[in-house]
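Colleague: using only what follows, build the 3D model:
(one chain, ligands or ions: 1)
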Amino acid sequence: MERPRYGKERRAKRVRISTLYRTHCSQVVECQWNDYPSPSPCKNTVDFAEEVLPTSAVAEPPKVEEPKTYVKKKQRIVKDEQVKVGTEMVIWTDPALIYSCTMCEECGRGDSADQMLLCDKCDRGFHMFCLSPILVSIPPGDWICPHCSQSTTAYEFQMVQRKIVEYFRFKKFVPSKTVMEGIEKRTLKKQKSSSSQKRGLRLLPYVPTIDLQRRLEQMASLAAALTNIGLDFSDSLSYGYAPRTANRAANEKGGMREMSKEDKVTLDRCKAMCKRGEWQPLMVTYDLRQGFVVEADEDIPNMTFIAEYTGEVDYMCCRHYDSGNSIMGLLFSDDPVKELVICPDRRGNIARFLSGINNHTEEGRSKQNVRCVRYSINGEARVILIAMRDIRKGERLYYDYNAYYTEYPTQHFV
Ligand SMILES: C[S@@+](CC[C@H](N)C(=O)[O-])C[C@H]1O[C@@H](n2cnc3c(N)ncnc32)[C@H](O)[C@@H]1O
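Modeller: Purely as a prediction, here's the structure:
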């Protein structure tokens, strides 16, 4: 199966280079200050020459032996030997200096150079964390800033039951209000009578919204979000990058907890309900800062099954430079080649839209209302999202993206 192409090679061009004049000043003396191409209208009032290059550095540039990478008017990267001036007036200079006066178009500051993303059309700079929604990694391919990109209206899924049934490939759709009320009554009865539930140990099935129209809206909201990011719906793990045989929970470093029989029954029941269109009471909405988010559309009790994290299973070692922001750890092993991740590249479900908490602040941590738990189920690793407290209708769902060994940069999360 063809892997998506991601690479480090675009990084240097598209993110402001943070290396400062100290390592590059030998090139600087060859340039005229007023010939510096300015990729972005520099908003700061400090004189650029004074700020970036002290006179002492210009007077005695250290020798740099290695051929350097240069940039032609900030567009094309070439090596020393390839420089051709011709008739046009071209200034070849070091990218670090070209971009060193780039200010973020949103906040007007020039700090956090390693987070400064440059538009591939206008070369204006934007801090990745100042964008709405925030970007946590350099996007693959070209990146066009909000000023240059035509404002496209988000795709809305048609609120037609037949279309929704087709999209989710429901085998048997359960539209009847009476059936839904029955399900709810049975579920509530079971929840109350369970003694282990009183101790907060058992997984609870979710209770779908009874109102059919509202349930269709919930489904359409997910269909629209998935369509907007080019994903198909899939409620189970997909194999191809890594074979299913690679998913052996026994490979987990220190062992993986086994899902109890009762919880497995609940999980299977939720999966079956989902297949019939007895949907989780969740709505996908759009937030300016966070992008697509998930909100509880009913009160959800503690320990309720929210969703399984799905997508394509791949080897972690193949994803080291992946800029995807939704990669989920599936298996952590002592042997790095056995480690697995879930990558909703082409397929996924509602789980990939849940927000992450900001691990760096108390306020951020207090938002967490969902737990992400990895279980061994029939010998295979699976990732399950579970309510970790009672969640009120309208609350946004958050879990800890860094619950395992990952280092998701959440310091700018809201
Ligand atoms: C797994 S995706 C979640 C879905 C995402 N919002 C979307 O529209 O596709 C993770 C990305 O969502 C955004 N995000 C998630 N939680 C956030 C938060 N608390 N604050 C800001 N952005 C957040 C960030 O852009 C992050 O890289």
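
Colleague: backbone dihedrals for residue 399, both of them.
Modeller: Dihedral pair for residue 399: phi -140, psi 180, per degrees, to the nearest 10.

Colleague: pretty sure it contacts residue 372?
Modeller: Yes: counting by Cβ atoms under 8 Å, residue 399 touches residue 372, with 4.9 Å between them. Every residue, glycine included, has its C-beta placed from N, CA and C.

Colleague: tell me, what's touching those two both at once?
Modeller: Taking Cβ atoms under 8 Å, 6 or more residues apart in numbering as the criterion, residue 399 and residue 372 both touch residue 385.

Colleague: immediately after the host helix or strand of residue 218, which helix or strand?
Modeller: Assessed by DSSP states H and E, residue 218 sits inside helix 212-228. Next in sequence after helix 212-228, counting helices and strands by DSSP H and E, comes strand 232-233.

Colleague: packing partners of whatever helix or strand comes next after that following strand?
Modeller: Under the assignment DSSP H and E, the closest C-terminal helix or strand after strand 232-233 is helix 261-275. On a contact count with 3 or more Cβ pairs under 8 Å, 6 or more residues apart in numbering; DSSP states H and E, helix 261-275 meets strand 305-308, strand 370-377.

Colleague: ok, which of those comes nearest the ligand?
Modeller: strand 370-377 (11.4 Å; Cβ to the nearest ligand atom).

Colleague: could the C-alpha coordinates of the closest one be exported in PDB?
Modeller: In PDB, the C-alpha atoms belonging to strand 370-377 read as follows (Å, rounded to 0.1, in the frame of the first residue of the first chain):
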ATOM      1  CA  VAL A 370     -12.400  11.500  28.700                       C
ATOM      2  CA  ARG A 371      -9.800   8.800  29.300                       C
ATOM      3  CA  CYS A 372      -7.900   7.000  26.600                       C
ATOM      4  CA  VAL A 373      -7.200   3.400  27.500                       C
ATOM      5  CA  ARG A 374      -5.400   0.700  25.600                       C
ATOM      6  CA  TYR A 375      -6.700  -2.800  26.000                       C
ATOM      7  CA  SER A 376      -5.800  -6.200  24.800                       C
ATOM      8  CA  ILE A 377      -8.900  -7.700  23.200                       C
END
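
Colleague: now the helix or strand just after it against strand 370-377, angle please.
Modeller: For strand 370-377, the following helix or strand on the C-terminal side (DSSP H and E) is strand 380-387. Between the axes of strand 380-387 and strand 370-377, defined by axes from the mean of the first three to the mean of the last three Cα atoms, to 10 degrees, the angle is 150 degrees.

Colleague: partner strands of strand 380-387, with direction?
Modeller: strand 305-308 (antiparallel), strand 370-377 (antiparallel) (DSSP bridges).

Colleague: the shortest one close to the ligand?
Modeller: No: Strand 305-308 lies apart from the ligand when judged by Cβ under 6 Å from any ligand atom; the minimum separation is 12.5 Å.

Colleague: list the contacts of the following helix or strand past that strand.
Modeller: Heading C-terminal from strand 305-308, the first helix or strand you meet, by DSSP H and E, is strand 312-315. Identification of contacts with strand 312-315 by Cβ under 8 Å, 6+ apart yields 3, 237-242, 244, 246-247, 330, 337, 339-347.

Colleague: who does the next helix or strand after strand 312-315 touch, helix- and strand-wise?
Modeller: From strand 312-315 onward toward the C-terminus, using DSSP H and E, the following helix or strand is strand 328-331. Applying 3+ Cβ pairs under 8 Å, 6+ apart, one finds that strand 328-331 contacts strand 340-343, strand 370-377, strand 380-387.

Colleague: the helix or strand just after the first one - contacts with which helices or strands?
Modeller: Stepping forward along the backbone from strand 340-343, the first helix or strand reached (DSSP H and E) is strand 347-348. Strand 347-348 sits against strand 232-233, with contacts defined as 3+ Cβ pairs under 8 Å, 6+ apart.

Colleague: close to the ligand: what parts of the stretch 201-350 of the chain are there?
Modeller: Residues of the stretch 201-350 of the chain lying near the ligand (Cβ under 6 Å from any ligand atom): 229, 289-293, 325-326.

Colleague: mean neighbour count and mean pLDDT for the helices and strands packed on strand 328-331 - can I get that in JSON lines?
Modeller: Compiled in JSON lines, the helices and strands packed on strand 328-331 are given as follows (neighbours: other Cβ atoms under 10 Å; pLDDT from 0 to 100):
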{"stretch": "strand 340-343", "mean neighbour count": "26", "mean pLDDT": "96"}
{"stretch": "strand 370-377", "mean neighbour count": "20", "mean pLDDT": "97"}
{"stretch": "strand 380-387", "mean neighbour count": "21", "mean pLDDT": "98"}
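
Colleague: so can I have a markdown table of those strands showing distance to residue 215?
Modeller: Putting the helices and strands packed on strand 328-331 into a markdown table (distance: least, Cβ to Cβ, whole Å) gives the following:
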| stretch | distance to residue 215 |
| --- | --- |
| strand 340-343 | 27 |
| strand 370-377 | 21 |
| strand 380-387 | 19 |
